[in-house]
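S.K.: below are the sequence and a predicted model; questions follow.
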Amino acid sequence: MAFFRPRVSREAEVRHHADQEVGKGFPELLEKARAAEAELRRAQAAAAPVQEVRAAGLALDRALTEALRAAEANQRATFGVRAYDDRIRRRKGRATPVGSGWTDEVNRLRTLRERNRLTGIPRVPRPVQASAR
């Protein structure tokens, strides 16, 4: 007795392999984010000029964004190739221990990035230009 088994789309296979490739660099990207955070904390502790603290905060934001993209790619790849087309498969993949771990990691990185955007990047006033009248 044969059951109907839908095939996985070619697009899902391509996206799955692309996510696997992007996800391979996650440990290095996470280490870059840690180094950027250490640099930001050093600049804040040394009472560096606002422009230097802002540059360090923006560097941390970029590093966290790259690490977040790699973590999301690992999360999707962990769910499996069928999860790209089927929301039930995604939900089931999220319920596994490995899928849950990646979901927690993605949420943790998102929280760190948002906290950095709210408090770690100081605003610098724009220079005032004299109006020509």
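M.R.: Cool, got the structure. Everything numeric here is computed off the predicted structure, so don't read it as measured data.
S.K.: low-scoring stretches of the chain, by residue?
M.R.: 1-2, 4-6, 132-133 (pLDDT under 70).
S.K.: report the central residue of it.
M.R.: residue 68 (1.1 Å; C-alpha atoms, centre = their mean).
S.K.: that residue against residue 108, yeah?
M.R.: No: Residue 68 is beyond contact range of residue 108, at 9.6 Å (criterion: C-beta atoms under 8 Å). From N, CA and C alone the C-beta is placed, and that goes for glycine too.
S.K.: in which helix or strand does residue 130 reside?
M.R.: Using DSSP states H and E, residue 130 sits within no helix or strand.
S.K.: do the same with residue 114
M.R.: helix 97-115.
S.K.: what is the longest helix of the protein by residue count?
M.R.: helix 50-79 (DSSP state H).
S.K.: may I see the buried residues of that helix?
M.R.: Using 16 or more other C-beta atoms under 10 Å as the test for burial, helix 50-79 gives 53-61, 63-64, 66-79.
S.K.: same check on stretch 103-120?
M.R.: 103, 105-106, 109, 112-113, 116, 120.
S.K.: do you know how far the residue nearest to the centre of the chain is from residue 131?
M.R.: According to C-beta to C-beta, to the nearest Å, residue 68 stands 42 Å off from residue 131.
S.K.: over to residue 48?
M.R.: Residue 48 sits 33 Å away from residue 131, going by C-beta to C-beta.
S.K.: got it, and residue 52?
M.R.: Distance from residue 52 to residue 131, by C-beta to C-beta: 31 Å.
S.K.: which other helices and strands contact the longest helix of the chain?
M.R.: Applying 3 or more C-beta pairs under 8 Å, 6 or more residues apart in numbering; DSSP states H and E, we find helix 50-79 packed against helix 10-23, helix 26-45, helix 87-95, helix 97-115.
S.K.: quick check: residue 124 touching residue 52?
M.R.: No: the pair residue 124 / residue 52 is not scored as a contact, 10.8 Å apart, by C-beta under 8 Å.
S.K.: ok, back up a step: between the buried residues of stretch 103-120, which is closest to residue 26?
M.R.: residue 105 (8.8 Å; C-beta to C-beta).
S.K.: how about the contacts made by the spatially closest residue to residue 117 that is not a sequence neighbour?
M.R.: Excluding its sequence neighbours, the residue lying closest to residue 117 (C-beta to C-beta, 6 or more residues apart in numbering) is residue 61, at 6.3 Å. Residues near residue 61 by C-beta atoms under 8 Å, 6 or more residues apart in numbering: 113, 116-117, 120-121.
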